Structure formats: structure tokens, C-alpha cells
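Q: coords below, sequence missing:
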């Protein structure tokens with residue numbers, strides 16, 4: 001395969017990881033706040049819901065768009081083709097979101113029994129009184145999200161196939177981890193109680209207190225994904241650079 005990524009300098013360590021997370025947090029905050037705000041406006045307006053539907057969809061799609069632009073900028077001086085990486089990141093996010101929608105809407109009859117059966121296998125091993133079906137469903141969906149995203153992104157990596165497979169596995173694992181905040185806030189009683197307490201503190205009418213709450217959950221989920229993948233990407237780039245340096249030195253021996 002033609003080389004699609006070429007490092008132009010040494011990995012920047014902590015700074016690179018902070019920028020990686022910052023790009024993810026910015027895209028998440030803008031998209032989630034816009035989407036939930038428009039959804040509340042649609043519910044309150046009770047008028048032309050089709051217009052609001054398209055606006056909400058545009059707000060959701062701004063997430064992969066902003067992520068694509070942010071990743072292209074992030075690696076503009078380090079990757080040979082940063083635009084390709086950004087485009088595959090944005091496309092991977094769209095593909096991952098579409099995979100979850102299709103799984104829930106089309107294959108729920110398959111996914112539901114599979115999740116319940118897996119939960120039934122897990123519960124005796126960890127001593128749970130009931131199978132953690134919701135937990136398995138959330139984390140399984142998160143793993144699928146990361147698997148699809150990482151698989152598409154791997155096309156743009158100038159690493160060997162083992163490193164690409166490792167990136168896909170890491171992305172799937174990070175997707176599993178990213179599903180935990182959503183599960184804790186939406187399915188666990190303590191998380192629901194915390195939701196209510198935060199809503200009481202925020203002095204906004206109607207459903208508007210849930211805008212910052214939803215953004216907070218989205219940020220927590222994406223941070224859980226961005227931190228391990230950012231660390232792993234930095235490690236892969238460092239290993240790749242050392243391998244290239246070693247190969248260059250051998251040519252002069």
C-alpha cells in the first residue's frame with residue numbers, strides 16, 4: 001500500500017496528547033450542545049418539526065465534520081497526508097454512528113438476545129444477582145463504535161499490519177470504556193440522582209438544565225475514548241519513528 005502517513009518530526013509527548021483530547025472535546029461540546037438545544041426548541045415550538053429535525057441532524061453531523069477538520073489540523077506537520085487522516089476520521093465517525101443506528105433499529109431482534117445471553121454468562125462469574133443486560137448492551141455498542149472507527153482510520157496509518165490491528169483493538173477497547181459514563185448516568189440509580197441534583201442547581205426553565213448535563217455526559221464519554229487512543233497513537237508514532245531511524249542507520253552500516 002502506498003504510504004499515507006509520514007512523520008515529520010519527533011512526537012511531542014504531553015502536548016500532542018493534550019491537543020488530541022482538546023480537538024475531541026471541542027467537537028463534542030459544539031455538536032452536543034447544538035443538537036440538544038435544537039431538540040428542546042423543537043419540543044417547545046410544536047410547529048414545523050421537519051425543519052428542526054434537519055437542524056438537529058445537521059448539529060449531529062457537525063461532530064464528524066469538526067473532528068475531520070480538527071484532526072487534519074492536528075497532524076498537518078506530522079502526517080504526510082493529514083487531510084486523508086482527517087477525512088477518514090470524519091468518515092469513520094459517520095460509519096460508526098450509522099452502525100449503531102442500524103444495530104438498534106434493524107438488528108435489535110438479534111442484538112437484544114445476544115446481549116442478554118452474554119449477560120447471563122457474565123453474572124454467575126462476578127456474583128451478580130441479575131444479568132447486567134443493559135451494561136452489556138451499552139459497552140457492546142461502544143466497542144462496535146470504536147471497532148468501525150478504528151478500522152476505517154487504520155487505512156491511513158503508515159504502520160505495519162500488526163500495528164494497524166493493535167490500533168483497531170485499542171479503538172474498540174476505548175469505545176467500550178467510553179460507553180461507561182453513558183451507562184452510569186442513564187441506567188444507574190446514583191447517576192440518575194446526580195442528574196436530578198445538577199438539574200436543581202442549574203436555574204433554567206423547562207428542559208434546559210439538561211443541555212449542560214447532556215454535554216457533560218458527552219464530554220465524559222469522549223474523554224474516556226480520547227485519552228487511551230491519544231496515548232496509544234503517540235506510542236505507535238514513537239515506535240514507528242524509532243523503527244525508521246534504525247532502518248536508516250542499517251543502510252549506512
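A: That came through, no problem. Please read all numbers here as calculations on a predicted model, not as lab measurements.
Q: now for the helix ranked longest in the chain, which elements pack on it?
A: Determined from DSSP state H, the single longest helix within the chain is helix 210-252. Other helices and strands packing on helix 210-252, by 3 or more C-beta pairs under 8 Å, 6 or more residues apart in numbering; DSSP states H and E, are helix 14-45, helix 161-187, helix 189-201. Every residue, glycine included, has its C-beta placed from N, CA and C.
Q: export those helices as a markdown table, with columns for mean neighbour count, distance to residue 239 and mean pLDDT.
A: As requested, the helices and strands packed on helix 210-252 are arranged in a markdown table below (neighbours: other C-beta atoms under 10 Å; distance: least, C-beta to C-beta, whole Å; pLDDT from 0 to 100):
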| stretch | mean neighbour count | distance to residue 239 | mean pLDDT |
| --- | --- | --- | --- |
| helix 14-45 | 17 | 14 | 89 |
| helix 161-187 | 19 | 7 | 92 |
| helix 189-201 | 12 | 38 | 71 |
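Q: those helices: which one's closest to residue 238?
A: When those are compared by C-beta to C-beta, helix 14-45 sits nearest residue 238, at 10.1 Å.
Q: pull the distance from that closest one to the chain's centre.
A: Centroid separation between helix 14-45 and its chain, computed with C-alpha atoms, centre = their mean, to the nearest Å, is 12 Å.
Q: relative orientation of that helix and helix 210-252 in degrees?
A: Helix 14-45 runs at 150 degrees relative to helix 210-252, counting by axes from the mean of the first three to the mean of the last three C-alpha atoms, to 10 degrees.
Q: for helix 14-45, packing partners?
A: Using 3+ C-beta pairs under 8 Å, 6+ apart: helix 14-45 touches helix 49-74, helix 210-252.
Q: residues near the closest residue to residue 76 other than its chain neighbours, how many?
A: Sequence neighbours aside, residue 82 is the residue nearest to residue 76 in space, at 4.8 Å (criterion: C-beta to C-beta, 6 or more residues apart in numbering). When neighbours are defined as other C-beta atoms under 10 Å, residue 82 has 18 of them.
Q: go on, residue 93?
A: Applying other C-beta under 10 Å, we find 23 residues neighbouring residue 93.
Q: hang on, isn't it packed against residue 64?
A: Yes: using C-beta atoms under 8 Å, residue 93 is in contact with residue 64, at 3.8 Å.
Q: helix or strand right after whichever strand or helix holds residue 94?
A: Taking DSSP states H and E as the criterion, residue 94 maps to helix 82-105. For helix 82-105, the following helix or strand on the C-terminal side (DSSP H and E) is helix 108-126.
Q: packing partners of that next one?
A: Here helix 108-126 touches helix 133-153, going by 3+ C-beta pairs under 8 Å, 6+ apart.
Q: how far does the helix it packs on sit from the chain's center?
A: Worked out by C-alpha atoms, centre = their mean, helix 133-153 lies 9 Å from the chain centre.
Q: now stretch 208-220
A: 16 Å.
Q: who's in contact with that stretch?
A: Contacting residues not belonging to stretch 208-220 are listed as 25, 28-29, 32-33, 36-37, 40, 181-182, 185-186, 195, 198-199, 202, 204 [C-beta atoms under 8 Å, 6 or more residues apart in numbering].
Q: same check on stretch 38-56?
A: With C-beta under 8 Å, 6+ apart, stretch 38-56 has contacts from 35, 59, 206, 207, 208, 210, 211.
Q: 10 Å instead?
A: Contact partners of stretch 38-56, identified using C-beta atoms under 10 Å, 6 or more residues apart in numbering, comprise 34-37, 57-60, 205-208, 210-211, 214.
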